[in-house]
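J.: Quick one: sequence plus predicted model below, questions after.
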Amino acid sequence: MPNKRILITGAAGFLGSHLSDRFINEGYDVVGMDNLITGDMKNIEHLMKLKEFEFYNHDVSKYVHVSGHIDYILHFASPASPIDYLKIPIQTLKVGSLGTHNLLGFAMEKKARILVASTSEVYGDPAIHPQNEDYWGNVNPVGPRGVYDEAKRFQEAITMAYHTYHGLETRIVRIFNTYGPRMRLNDGRVLPAFIGQALRGEDLTIFGDGSQTRSFCFQSDLIEGIYRLLMSDYPYPVNIGNPSEITINQFAEEIIKLTGTSQKLIHKPLPQDDPKQRKPDITRAKEILGWEPKVDRAEGLKITYDYFKGLSPEELNKTAHRFD
Ligand code: UDP
């Protein structure tokens, strides 16, 4: 019997590379696909020498073809930080919409099960707290985040349509803020921003008054949740995230303590449509997948800090965004 074979799009990205590791460890053959617009080959360098791993440099918003059998597909290709959406809005829209359409067609062709990466951004700036899967969201379609939020909402709709009309086996994960090694230092997200600033001896930039909240999940917990969802028979959206909620001010204090930096906190304007509060209700994941996060923030932040500390000075100083 040949190994089970899985296609992972966005394989050179933060989550895609960790998923590739996980499925290699589970004994799968992994086909990684990425156009490297936000991904980085160094995240999968260690996999390139394995015969169980192959890589295609391809943009999935164009027709997708891979020869041979494919049992599973994980669609994780997408820019995923607010800075990215601002710099590459059209690609963000295309990969979530056209890319998802191509991969659903590809899944039909291969008779494969597909899991698509959705996001807590489908809830927009949420009017209910914490957010459960039955909440429909509060999204500004024409704001700066609309290109991501609406692409992901369309992605969910078309994925569900392929499930109901074509009987395709589909899964939808709504991912809340996740962190860990291999995050891009210059992706503008709050954790790499704060740790990068601390390591370079710069002040930490708090957007707005810092009272907005987020709930941060360590990557290994998220990967476990995705693995369980893929193996389940549940076609509706499932939140995966860590419900431990903090304000951005508290988060900055934790980073200061962790890094020992003596830099100050400075305030910058709050970006438009920045959600005021975000915390997953994970009742559904607990009930259906028997899943809940295991890594607390102190432990996860230490692992992540050690990773960023190990980067070369050139990488650390690459503050300019790569689309500048
Ligand atoms: N943020 C901040 N300083 C930064 C980067 C982000 O205060 O240097 C804030 C941002 O305004 C948001 C939160 O941190 O309220 C999380 O931002 P991130 O971009 O990481 O992800 P989001 O959850 O907004 O998609």
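T.: Looks like it arrived, so ask away. Numbering: from 1, shown residues only.
J.: pLDDT below threshold where in the protein?
T.: For the chain, residues meeting the criterion pLDDT under 70 lie at 319-324.
J.: redo that, cut-off 50
T.: For the chain, the stretches flagged by pLDDT under 50 are 320-324.
J.: Show me the contact partners of the lengthiest helix in it.
T.: Selection of the longest helix in the chain by residue count, based on DSSP state H, yields helix 146-166. Contacting residues not belonging to helix 146-166 are listed as 78-80, 85, 89-90, 92-97, 100-101, 104, 107-108, 114, 116, 118-119, 121-122, 124, 137, 139-141, 168-170, 172, 235, 237 [CB atoms under 8 Å, 6 or more residues apart in numbering]. Where you see a C-beta, it was placed from the backbone N, CA and C, and this is true even at glycine.
J.: try 6 Å this time
T.: Outside helix 146-166, the residues within contact range by CB atoms under 6 Å, 6 or more residues apart in numbering are 85, 89, 92-93, 96-97, 100, 104, 116, 118-119, 121-122, 139-141, 168, 170, 172, 235.
J.: and if you look at stretch 279-289?
T.: By CB under 6 Å, 6+ apart, the surrounding residues in contact with stretch 279-289 are 130, 132-133, 176, 215, 228, 232, 234, 238-241, 243, 245, 291-292.
J.: Excluding residues flanking it in the chain, which one is nearest Tyr63?
T.: Distances taken as CB to CB, 6 or more residues apart in numbering place Asn102 nearest to Tyr63, at 6.2 Å, with adjacent residues excluded.
J.: Could you double-check that that neighbour lies in contact with His65?
T.: No - using CB atoms under 6 Å as the test, Asn102 is too far from His65 to be in contact (9.6 Å).
J.: In terms of neighbours, single out the busier of those two.
T.: For the pair Asn102 and His65, the greater number of neighbours falls to Asn102 (20 against 10), based on other CB atoms under 10 Å.
J.: Narrow the contacts of helix 146-166 to those in helices?
T.: Using DSSP H, the members of those that fall within helices are Tyr85, Pro89, Thr92, Leu93, Gly96, Thr100, Leu104.
J.: quick one: which of those is nearest the ligand?
T.: Using CB to the nearest ligand atom, Tyr85 comes nearest to the ligand of the ones in helices among the contacts of helix 146-166, at 9.3 Å.
J.: Contacts only, for the closest one.
T.: The contact partners of Tyr85, taken as CB under 6 Å, 6+ apart, are Thr92, Val147, Tyr148.
J.: Check Thr92 too.
T.: Here Thr92 is in contact with Pro79, Tyr85, Val147, Tyr148 (CB under 6 Å, 6+ apart).
J.: now do Val66
T.: Val31 are the contacts of Val66 under CB under 6 Å, 6+ apart.
J.: And the strands in the stretch 51-200 of the chain?
T.: 53-57, 72-75, 113-119, 170-175, 178-179 (DSSP state E, counting those that start in this stretch).
J.: Return the most buried member of those.
T.: The highest average neighbour count among the strands of the stretch 51-200 of the chain, using mean count of other CB atoms under 10 Å, belongs to strand 72-75 at a mean of 26.
J.: Indicate each strand paired with that strand and its parallel or antiparallel sense.
T.: According to DSSP bridges, strand 72-75 forms sheet pairs with strand 5-9 (parallel), strand 113-119 (parallel).
J.: Figure out how far it is from the centre of its chain.
T.: Using CA atoms, centre = their mean, to the nearest Å, the mean C-alpha position of strand 72-75 is found 14 Å from that of the whole chain.
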